[in-house]
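> How does the following fold in three dimensions:
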Amino acid sequence: MAAKSAKKKYDLLMKKHKLPQLEELDACFELGNLEEEGNHLREIRRRIAEKLHDAISIAEQVLQPDTNLSELYESRVLDEEEKKRLFELYKKLMAAARKAAELSIVSNASQDAEFIKSIYPEWKSIAPELARFIRKLRAAWETDSEEGERAAYLG
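Residues are numbered from 1 along each chain as shown. This next block holds a predicted model:
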C-alpha cells in the first residue's frame, strides 16, 4: 500500500474526482506502493493497464493459440459457448486497454480519473468470470487426461 503522505495525496484526489478508496483499487489491481511525489492517477492507470494486459494475454492464448503445446492444450478445454463468452470479456478488456493506451498519449489527469472510475466497477464484474475460466484451465492441467494430451500433442 502507499506511504502515509502518498495516501494523503490520493485521498485529496479521491475527493476531487470521486474515486474509489485506494485500498479497494489496490485489492483489484495490485497497486503496491505509490510514489510519494508521483502522478498518482497516471501511475494507477499504468498499473491497471498492466493487469488488463495480463488478462488479455490469457484470453488470446486460449482463443487464438500459437503452436506451443500449452496453448494448444488449453484451447481445447473450453467449449464453443465458453469461448464466445471469453471473447466478449476479451472485447471489454481490449476496449479498456486501448483507452488506457490513448490516455498514456493524451496525459490528462481528469481523463485518467474518469478511466479509473469507469474501469473499477467493470473489472469487478469481469474478474469473477475471468477467474472461473482460469480455474477451468488450471483444473485441466491437474486432471489426468490422455485424450486431451494426445489431442494437444497432435495439434
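
> from the middle of its chain, how far away would stretch 41-57 be?
Distance of stretch 41-57 from the chain centroid (C-alpha atoms, centre = their mean, to the nearest Å) equals 7 Å.

> Please enumerate the helices of the protein.
4-17, 22-29, 40-63, 69-75, 80-106, 109-142, 146-154 (DSSP state H).

> Tabulate those helices (JSON lines), appending mean pLDDT and mean neighbour count.
Every C-beta, even on glycine, is put in place using the N, C-alpha and C of the backbone. Listed next are those as JSON lines, based on pLDDT from 0 to 100; neighbours: other C-beta atoms under 10 Å:
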{"stretch": "helix 4-17", "mean pLDDT": "89", "mean neighbour count": "14"}
{"stretch": "helix 22-29", "mean pLDDT": "94", "mean neighbour count": "16"}
{"stretch": "helix 40-63", "mean pLDDT": "96", "mean neighbour count": "18"}
{"stretch": "helix 69-75", "mean pLDDT": "91", "mean neighbour count": "17"}
{"stretch": "helix 80-106", "mean pLDDT": "97", "mean neighbour count": "15"}
{"stretch": "helix 109-142", "mean pLDDT": "96", "mean neighbour count": "15"}
{"stretch": "helix 146-154", "mean pLDDT": "53", "mean neighbour count": "12"}
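
> residues in contact with the residue nearest to residue 136 when sequence neighbours are not counted?
In space, and not counting its chain neighbours, residue 136 is closest to residue 77: 6.1 Å by C-beta to C-beta, 6 or more residues apart in numbering. The contact partners of residue 77, by C-beta atoms under 8 Å, 6 or more residues apart in numbering, come to 62, 136-137, 140, 148.
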